[in-house]
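Engineer: Predicted coordinates and the sequence they were generated for:
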Amino acid sequence: MEIKQEEIFSKILRAGRRTYFFDVRETKASDYFLTITESKKFTNDDGTFFYKKHKIYLYKEDFSEFHGILGEMIDFVIKQRGEEVISDRHQKEFKPEEYKDVVSNESKSFTDLNFEDI
């Protein structure tokens, strides 16, 4: 099946360094399919930047199962970990938490850790 590159309907989701593109496209047979593209920005050492892109082609015959599994996976993640983002990479003002010595309950900065403490 050869694919036309014409977009029929598009939405964009910007999420930090990532951008997601959702595009409905048309085949030569005039049927529709969905492409989902993740574009992630990276910076070279010289300050210039480039993008890495990953694309999924999703055809109508797979919509129902894909939708069901995606919903199930999202529900599982939310049920297990909630909606709050817990990755320190996603927290704008992340500062390492104080390291607490289990034995003495003495508060130390993470960088003050000695090999004898381990």
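Structural biologist: Alright, I've got the coordinates. Numbers count the residues shown, from 1 in each chain.
Engineer: got the phi/psi numbers for Thr48?
Structural biologist: Note on Thr48: its backbone torsions stand at phi -70, psi 160 [degrees, to the nearest 10].
Engineer: number of nearby residues for it?
Structural biologist: The tally of other residues near Thr48 (other Cβ atoms under 10 Å) stands at 8. In this view, the C-beta of every residue, glycine as well, is placed from N, C-alpha and C.
Engineer: pLDDT below threshold where in the protein?
Structural biologist: Low-confidence segments of the chain, defined by pLDDT under 70: 1-6, 88-118.
Engineer: Show me what the helix or strand containing Phe63 is packed against.
Structural biologist: Following DSSP states H and E, the helix or strand that holds Phe63 is helix 60-81. Taking 3 or more Cβ pairs under 8 Å, 6 or more residues apart in numbering; DSSP states H and E as the contact definition, the neighbouring helices and strands of helix 60-81 are strand 32-43.
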